[in-house]
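Asker: After the sequence you'll find the predicted model.
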Amino acid sequence: MLTDENFTLQEKNGKRNRVIHLPSTDPLYQYVEKKFNKGWKHPNKPKPPVRAIFKILLTQENHEPYKKYRSY
């Protein structure tokens, strides 16, 4: 079982759910939504509304290549 702060990777029917839907009241949802809105760089295109944000949980083994890539 993988735990990430407030989320736990749980098995259901032998499968792990690695995608967690964040409710709009979650501080992480609000942070990501704010970053998206602030970072919109298309002046001639309407900004789409944020309808949903998902958190993806990774095992340590799956996260290692990303951490290695980010260290360069």
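Answerer: On my side now, so go ahead. Numbers count the residues shown, from 1 in each chain.
Asker: Number of residues surrounding Lys34?
Answerer: Neighbourhood size, Lys34 [other C-beta atoms under 10 Å]: 11. Where you see a C-beta, it was placed from the backbone N, CA and C, and this is true even at glycine.
Asker: do the same with Tyr29
Answerer: Tyr29 is flanked by 18 other residues according to other C-beta under 10 Å.
Asker: in this protein, which spans are helices?
Answerer: Here the chain has its helices, by DSSP state H, at 27-38, 60-70.
Asker: Buried deepest among the ones you listed, which one?
Answerer: Ranked by average neighbour count under the criterion mean count of other C-beta atoms under 10 Å, the helices of the chain are headed by helix 27-38 at a mean of 12.
Asker: Packing partners of it?
Answerer: Applying 3 or more C-beta pairs under 8 Å, 6 or more residues apart in numbering; DSSP states H and E, one finds that helix 27-38 contacts strand 19-22, strand 53-56.
Asker: now the one residue sitting closest to the centre of the chain: how far from Leu28?
Answerer: Nearest to the mean C-alpha position of the chain, by C-alpha atoms, centre = their mean, lies Lys55 at 2.9 Å. Distance, Lys55 to Leu28, using C-beta to C-beta, to the nearest Å: 7 Å.
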